[in-house]
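Engineer: dropping a prediction and its sequence here:
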Amino acid sequence: MNTVTCIAPVNIAVIKYWGKRNEELILPLNDSISASLDTEHLCAKTTVMISPEFKQDRIWLNGQEENANNVRLLNCLLEMRKRMQLTGQAKHWKVHICSENNFPTAAGLASSAAGYACLAAALAKLYKVEGDISAIARVGSGSACRSTLGGFVRWHKGSDPNGADSLAKQVIPPSHWPEMRILVLVVSDHKKKVSSAIGMKRGVISSELLKYRVEHIMPKRVEEMEQALLNKDFKSFAEITMKDSNQMHAVTLDTYPPCCYMNDISHKIIDLVHSYNAAVNNVKVAYTFDAGPNATFYLLEEDVPKIMGIIDYYFPSANDNMVEYRKGIVVEPIQPSKDLLEKINVEPETPGKLKYMICTRVGDGPKVLYDQNDTLLNSQGLPIKA
């Protein structure tokens with residue numbers, strides 16, 4: 001088989017990875033934990049093909065040909081080719097890669113994580129590589145190692161200077177906490193001004209808060225989060241998630257020059273979550289923000305209709321096309337009561353502040369697609385969507 005197509009999940013961290021101890025090997029300063037989201041709603045899809053006819057390695061991302069000499073891509077290919085089980089001339093054939101996302105790229109939705117996890121999974125199948133592939137995905141994009149597995153996943157920072165023990169391990173499978181739901185609120189789908197890689201590098205050099213976070217806060221926090229997941233303790237899970245998101249963004253502001261990933265709507269969303277939790281006298285929803293303005297909510301299935309009703313009230317849609325505005329799992333929102341609205345001390349926004357939202361769940365890791373209709377490359381190794 002000289003062609004393989006895979007899909008891989010987006011992952012959204014509840015304990016953030018921010019800062020590297022080794023830039024070249026992409027080794028993190030601290031452990032991190034994330035959830036892999038259902039590939040039905042958010043995923044990267046990649047087709048890889050090898051052929052004796054190909055003159056050079058080539059890659060297309062979301063319809064555009066990219067530079068195949070990208071260092072991280074080359075590192076990923078090099079590591080995979082070191083471990084390949086192919087024999088004969090096929091070992092030397094060049095590869096064509098075509099990848100696409102069904103979500104905005106570079107808008108803080110972990111597109112590179114899903115993309116490199118998908119690439120690693122597809123290449124592993126193509127080259128007959130067995131065993132753990134999280135370290136190979138990691139050299140493409142750090143958090144990609146977490147997208148090589150399903151459920152909630154912990155990326156262990158490791159202590160080996162060469163990164164041999166900087167691997168991803170599953171904490172709990174999706175079946176352990178099936179009631180968990182995720183709402184992705186897309187505030188902006190524009191490319192961020194400062195990439196995560198640059199923001200992290202700048203932080204390692206200049207942020208005293210980052211140093212304190214890594215040394216004094218993260219070791220205990222990661223263990224507390226893992227325990228909350230094992231115990232299905234939503235209150236602890238939610239509070240740790242929000243505190244860690246807040247702290248990561250405090251680090252980006254403590255960086256010099258500062259990196260500002262959130263905007264006014266992001267902060268309004270934070271205010272709304274805390275006001276809602278206070279109004280119902282319980283912790284029912286948690287927010288987290290990666291390096292971008294888009295919010296991700298973690299909540300339990302029973303609370304999704306109420307929270308969607310709250311979002312509809314405070315961040316109304318600019319149009320009546322609810323199919324495009326509400327993506328993913330179909331949920332009928334519950335309109336908030338007058339009594340509840342009086343307790344929430346937040347002013348509603350004008351329509352159109354949210355682009356759309358996606359309701360999803362925790363899902364599995366990468367999987368191979370065997371239907372020929374799923375391939376992204378034609379028989380000549382060129383993108384079908386040209």
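Structural biologist: In hand now; what should we look at? Everything numeric here is computed off the predicted structure, so don't read it as measured data.
Engineer: look up how far V330 lies from A144.
Structural biologist: Distance, A144 to V330, by C-beta to C-beta, to the nearest Å: 30 Å. From N, CA and C alone the C-beta is placed, and that goes for glycine too.
Engineer: neighbour count: those two, which is higher?
Structural biologist: A144 (32 against 9; other C-beta atoms under 10 Å).
Engineer: secondary structure class of Y116, three-state.
Structural biologist: helix (DSSP: H, G, I helix; E, B strand; the rest coil).
Engineer: in contact with it, which residues?
Structural biologist: The contact partners of Y116, by C-beta atoms under 8 Å, 6 or more residues apart in numbering, come to R72, C76, A137, G140, S141, A144, S147.
Engineer: at 10 Å what do you get?
Structural biologist: Going by C-beta atoms under 10 Å, 6 or more residues apart in numbering, Y116 touches 8, 44, 46, 72-73, 76, 99, 136-145, 147-148.
Engineer: and what of E302?
Structural biologist: Contacts of E302 by C-beta under 10 Å, 6+ apart are E179, R181, K284.
Engineer: rerun at 8 Å
Structural biologist: E179.
Engineer: and C145, by the same measure?
Structural biologist: C145 sits in contact with A117, S134, A135, A137, R138, W155, S166, L167, A168, where contact means C-beta under 8 Å, 6+ apart.
Engineer: try it again with 7 Å
Structural biologist: By C-beta atoms under 7 Å, 6 or more residues apart in numbering, the contact set of C145 is S134, A135, A137, R138, W155, L167, A168.
Engineer: same question, L29
Structural biologist: So L29 contacts G19, K20, R21, K157, V214 (C-beta under 7 Å, 6+ apart).
Engineer: name the helices or strands packed onto the strand or helix carrying the third one?
Structural biologist: Element membership for R21 (DSSP states H and E) is strand 20-22. Helices and strands touching strand 20-22, as assessed by 3 or more C-beta pairs under 7 Å, 6 or more residues apart in numbering; DSSP states H and E, comprise strand 27-28.
Engineer: how about stretch 125-144: buried residues?
Structural biologist: Within stretch 125-144, the residues that count as buried by 16 or more other C-beta atoms under 10 Å are 125-127, 129, 133-144.
Engineer: can you check stretch 77-90 too?
Structural biologist: For stretch 77-90, a neighbour-count test (16+ other C-beta under 10 Å) marks L77, E79, M80, L86 as buried.
Engineer: thanks again, I'm all set now.
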